[in-house]
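A.B. asks: output the structure for:
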Amino acid sequence: MSGLPRESGPFRFRLRPVAAALVAMALLVAGSLGINAVGAQSIDDARAEAEALAADLASTQERLIELAEEYNRATADLETAKVQVAAAQKQLEANQAVLDRTRAQLRDYALQAYVSGGGERELDGFFGADANTVDQRLNYIKTAAGNKKQLLDDVAEASKRVDRQLAQMQLAQKAAEAEQARIDRAQAEAGQLEAETADLLEQANGRLATLVAEAEARREAQEREAALAAARAAQIQVQVQSENTTSAGSSGGGSGSGGTTPPPPVVYTPPPGLRAEAAIAVQAAMSQIGVPYVFGGASPSAGFDCSGLMYWAYAQAGVSISRPADYQRDDSVRISYEDLQPGDLVFYGEPPSHVGMYIGNDEIVNAPRTGEVVSVKNMFYSSKPMTYGRIV
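C.D. replies: As a prediction, this is how the structure comes out:
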């Protein structure tokens, strides 16, 4: 019999987020390029090609999301199967020990019978032939025969138990092997799709890089012209203003030149009355914004897939939930859209192939898909059916 299936870990993808973003960028900027051609290709042709590549990429990414959850389910079920195999093995060993002891007792009985001459005639030496001892002799013979039959019955029953337990262990072993096969299939298909996705991104990079570069150059030129115009306007304003408003005018000119100070980071503040575990889970998930999506990932250092982010965030609140998305829904209490509160989970598809955490205002924080990062988005972005659950 073969051993337990091997351990499996997160299946990492090597997609480049920059290349994935290039497709979306090309779609956005293609309309701003006017009628200039890119090589022999018209702008309309380039836009159509970009849209087709983006559609293919989205389809591939969706299948990768489903495979991630298939991988997570198979990994969880494999752990259960391993426990069942170990329990069956332990019970089999115990039943085998009982069978061995019973067989040894039966061998001892047979040896004693052989030494004494066999049958029940060996009992004659213990009793006289007179009628006064007949009843006692018959009772002893009956007891000895009963012991022999009991030993035979015990051996037969112990042997049946061993056979049954062996069959159960073989079934558990086959279940474990089946789960390992599911993991292997998910990894193989995911690897193939990853390669296909990488090819799509290579196409997007090779065919649309020129388009994007020209659009970026045009945009930068326009921004420079706008900045110069703003600076000239500010200079004229300063000259026109009176001396006692010169300082204010200079400040206005600096503002007109177009500062690039980034906005302050968004800090999530839980609403009053929110359960402590839910508040901690939301804060934990929000703290991972920008961490890359990783197939099978469930930690800041390894990256996250969708259910891995939920699993890790609730662990920070001291709450243990299952790993795959559909098992997480089983762990939760079903609620309606009207009952949603921050910390509740939003599941997409049936069975769920994606999960995000509700943070309020119809928004979720989630790990979207390969090539993207943990981010906040509107919860109605998908056309898949949605269900809602609360971890309590």
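A.B. asks: helices of the protein, start to end?
C.D. replies: Secondary structure of the chain (DSSP state H): helices located at 17-29, 43-116, 134-240, 246-256, 276-286, 306-316, 325-331.
A.B. asks: and residue 91, how many neighbours does it have?
C.D. replies: Neighbours of residue 91 under the rule other C-beta atoms under 10 Å: 17. C-beta here means a position set from N, CA and C on the backbone, and glycine is covered the same way.
A.B. asks: residues touching it, list them.
C.D. replies: Residue 91 sits next to 165, 168 when contact means C-beta atoms under 8 Å, 6 or more residues apart in numbering.
A.B. asks: give me the pLDDT for it.
C.D. replies: Looking at residue 91, its pLDDT is 81.
A.B. asks: show me the contacts for residue 67.
C.D. replies: 186, 189, 190, 193, 295.
A.B. asks: ok, what's across the strand from the residue lying closest to residue 294 once chain neighbours are set aside?
C.D. replies: Leaving aside its chain neighbours, residue 294 sits nearest to residue 303 (2.9 Å; criterion: C-beta to C-beta, 6 or more residues apart in numbering). On the basis of DSSP bridges, residue 303 is bridged to residue 299.
A.B. asks: got a pLDDT number for residue 303?
C.D. replies: Confidence at residue 303, expressed as pLDDT, is 95.
A.B. asks: residue 290 is in contact with that one, correct?
C.D. replies: No. Look at residue 303 against residue 290 with C-beta atoms under 8 Å: they stay out of range, at 11.0 Å.
A.B. asks: more crowded one of those two?
C.D. replies: residue 303 (23 against 8).
A.B. asks: how close does that one get to residue 344?
C.D. replies: 24 Å (C-beta to C-beta, to the nearest Å).
A.B. asks: so who does the spatially closest residue to residue 166 that is not a sequence neighbour touch?
C.D. replies: The shortest distance from residue 166 to any non-neighbouring residue, by C-beta to C-beta, 6+ apart, is to residue 92 (5.9 Å). Counting by C-beta under 8 Å, 6+ apart, residue 92 touches 162, 165, 166, 169.
A.B. asks: ok, now how distant is residue 92 from residue 182?
C.D. replies: In this view, residue 92 and residue 182 are 26 Å apart by C-beta to C-beta.
A.B. asks: and if you look at residue 159?
C.D. replies: On the measure of C-beta to C-beta, residue 159 and residue 182 end up 35 Å apart.
A.B. asks: residue 100 now?
C.D. replies: Distance of residue 100 to residue 182, computed by C-beta to C-beta: 38 Å.
A.B. asks: out of the two, which sits in the busier spot?
C.D. replies: residue 182 (17 against 11).
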